[in-house]
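Trainee: Give the three-dimensional model of this entry:
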Amino acid sequence: VGFSLAAAALRYGFQPLRLILFSLCYGQLVNRVLKIWFQRPRPTPPDGVTRLFRTIIIQGGHADAAAFPSGDTMAGSATGAALALAGCGNAWWLLGLYVGFGRVYFLAHHILDVLAGYIEGCAVAILASKVVAVRTEFEWQQIAGLLFALVGFVAAMKLTKKLHDSAGKSYKKLGLMGVAVIIMLVAPRI
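Mentor: Model prediction:
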């Protein structure tokens, strides 16, 4: 992922990269909340079907182990949609579908998981394009905005994991999560 983001920054500049990063932050948080909410099991591979290549599929009680929606497809479509919305070409809208095909092929997701991940990724990229302050050139304060959002993102992800792992709902954790989400929404305006 880091290599792909660096390549996007070199090819298209800092502003599309900034939109991608905010889209991925929003998308990953929404994705985890939906996975915890739905807890849909991953598909069971049919007997006798082998694949030439294999992929890592998170299993067990992890907060991201559920199949719905596809996180990889969400990340692909959020990245592609952000690049398309930043004016880098309409073909980027197809990136999430490309990733989603692989997720179904490797039996990591059902088709509906991939479709939901694609819609989610495009939606968060559109949200990010509306929230992120548009700049024509690089300013150092934009780095501060990204770091500010990163703090909110990490806090929100850790809190959703703790909420998933704990038996009961904690209003203190939910309140802290609300603060973290507000930080993530304010940071792009910096």
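Trainee: alpha carbons only for contacts and neighbour counts from here, please
Mentor: Will do.
Trainee: phi, psi of the residue lying farthest from the centre of the chain?
Mentor: In the chain, counting by Cα atoms, centre = their mean, residue 48 sits farthest out from the average C-alpha position, at 33.3 Å. Main-chain torsions, residue 48, degrees, to the nearest 10: phi 80, psi 0.
Trainee: now it: how far from residue 77?
Mentor: Plainly put, residue 48 is 32 Å away from residue 77 if you go by Cα to Cα, to the nearest Å.
Trainee: which residue ranges form the helices in the protein?
Mentor: 2-12, 14-38, 71-85, 95-105, 111-131, 140-165, 171-186 (DSSP state H).
Trainee: deepest of those, which one?
Mentor: helix 71-85 (a mean of 28; mean count of other Cα atoms under 10 Å).
Trainee: Figure out how far that helix is from the centre of its chain.
Mentor: Offset of helix 71-85 from its chain centre (Cα atoms, centre = their mean, to the nearest Å): 8 Å.
Trainee: Quick one: residues contacting residue 84.
Mentor: Residues in contact with residue 84, defined by Cα atoms under 8 Å, 6 or more residues apart in numbering, are 90, 91, 92, 93.
Trainee: Buried only: go through the residues you listed for me.
Mentor: Buried members of the contacts of residue 84, scored by 16 or more other Cα atoms under 10 Å, are 92, 93.
Trainee: Out of the contacts of residue 84, list just those in strands.
Mentor: Nothing among the contacts of residue 84 maps onto strands, per DSSP state E.
Trainee: any idea which of the contacts of residue 84 is closest to residue 114?
Mentor: residue 93 (14.4 Å; Cα to Cα).
Trainee: in terms of contact, does that closest one touch residue 77 like I think?
Mentor: Yes: under the criterion of Cα atoms under 8 Å, residue 93 makes contact with residue 77 at 6.7 Å.
Trainee: before we move on, back to that, so which of the helices of the chain gets nearest residue 65?
Mentor: Taking Cα to Cα, helix 14-38 is the member of those nearest to residue 65, at 7.7 Å.
Trainee: chain center to that closest one, what's the gap?
Mentor: Chain-centre distance of helix 14-38: 3 Å, with Cα atoms, centre = their mean.
Trainee: Now do that helix, average pLDDT.
Mentor: Averaged across helix 14-38, the pLDDT comes to 82.
Trainee: Likewise for stretch 155-167?
Mentor: Mean pLDDT, stretch 155-167: 67.
Trainee: swap in stretch 74-83?
Mentor: For stretch 74-83, mean pLDDT rounds to 89.
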